[in-house]
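Colleague: I'd like to go over a predicted model; first the sequence, then the structure.
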Amino acid sequence: MTQHVKDRRAVLLSEAASLFREKGFARTTVRDIAAACGLQSGSLFHHFATKDDILFAVMESVIADITDALVAALADCHDPRDKVRALIRTELQAIHGETRDAMTVLVFEWRHLSAARQKEILVLRDRYEALWLTGLEHAAQAGLTRVDAFTLRRLLTGSISWTVNWFDRSGPMSLDDLADQVLALALREEGQAIT
C-alpha cells in the first residue's frame, strides 16, 4: 500500500469516525462520508466494500492505536500504582485526544457490527484488556485494592468512557488532574488499611 493510499485511508477513517460520532452509524450515509473526504460516493468503494467495513476499520484502527499507546506508556512504569495511572491516563487521552471520535464510536456504535465482526474486534480488544487486567492484578497483589481485577476494570471502563459526555479539556481540570481523580477512586493510598 503506497503512502498516498495510506494517507487517504487515514483521512477517510477519521472523517467517518467523526460522522459516526456526530450523527450515529445508522444515520450516516456513504455519500456523507465521501463528501467529508472530498470524494465521489463511488470512490469510497475503492477502499471499502461497504459502510459496515468502514465502521469495522475505524474500530480496528483505534484498538490497535490505543494498544500501542498502552504498551509504550507501561514500558516506563515499574510501580503498580504508576502502571494503573498510566493505563487510566492513556485511555483518557484516547477518549479526549485525536482518537476521540473513533473511541466514542467503538463504545457507542458497537451494536452495529455483525456478530462475526464483533468477534474479530473482541480478539483485538482482548490484548488491550489483558494489559489492563495485568496492571490491576499487580495493584491487587501490592495491596492497593481489594476489588478483583475484572470487576475493577469494568467499573473503570464505564466511568472513563462516560467522561466523553461531561469532561471539558478547556475547563479548569486537566487530563492529568482527571487521571489522578480516577486513580484515587480506583486504588487506596499507600499505607491505607483495606477494610
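Modeller: Yep, that arrived. Numbering: from 1, shown residues only.
Colleague: residues contacting the spatially most central residue of the chain?
Modeller: Closest to where the C-alpha atoms of the chain average out (C-alpha atoms, centre = their mean) is Met103, at 4.2 Å. Residues in contact with Met103 (C-beta atoms under 8 Å, 6 or more residues apart in numbering) are 62, 66, 94-95, 161, 164. From N, CA and C alone the C-beta is placed, and that goes for glycine too.
Colleague: give me that answer again for 6 Å
Modeller: Contacts of Met103 were listed using C-beta atoms under 6 Å, 6 or more residues apart in numbering, and they are 62, 94-95.
Colleague: kindly report the same for Ile160.
Modeller: Ile160 makes contact with Glu91, according to C-beta under 6 Å, 6+ apart.
Colleague: switch to 7 Å and redo it
Modeller: Ile160 makes contact with 88, 91-92, 95, 182 under the criterion C-beta atoms under 7 Å, 6 or more residues apart in numbering.
Colleague: any buried residues in the longest helix along the chain, and which?
Modeller: For the chain, the helix with the greatest residue count under DSSP state H is helix 115-141. For helix 115-141, burial by neighbour count (16 or more other C-beta atoms under 10 Å) applies to 117-118, 121, 125, 128, 131-133, 135-140.
Colleague: and which of these is nearest Gly38?
Modeller: Arg117 (27.6 Å; C-beta to C-beta).
Colleague: contacting residues around Arg21?
Modeller: Applying C-beta under 7 Å, 6+ apart, one finds that Arg21 lies in contact with 101, 104-105.
Colleague: if we go to 8 Å?
Modeller: Per C-beta under 8 Å, 6+ apart, neighbours of Arg21: 100-101, 104-105, 108.
Colleague: and for Ala26, the neighbour number?
Modeller: By other C-beta atoms under 10 Å, 11 other residues sit near Ala26.
Colleague: and the nearest residue to it once chain neighbours are set aside, what does it touch?
Modeller: Nearest residue to Ala26 in three dimensions, chain neighbours excluded: His112, at 6.9 Å (C-beta to C-beta, 6 or more residues apart in numbering). By C-beta under 8 Å, 6+ apart, the contact set of His112 is 25-26, 52, 55.
Colleague: and the helices in the protein?
Modeller: For the chain, the helices defined by DSSP H cover 3-23, 30-37, 51-75, 80-96, 100-108, 115-141, 149-162, 175-186.
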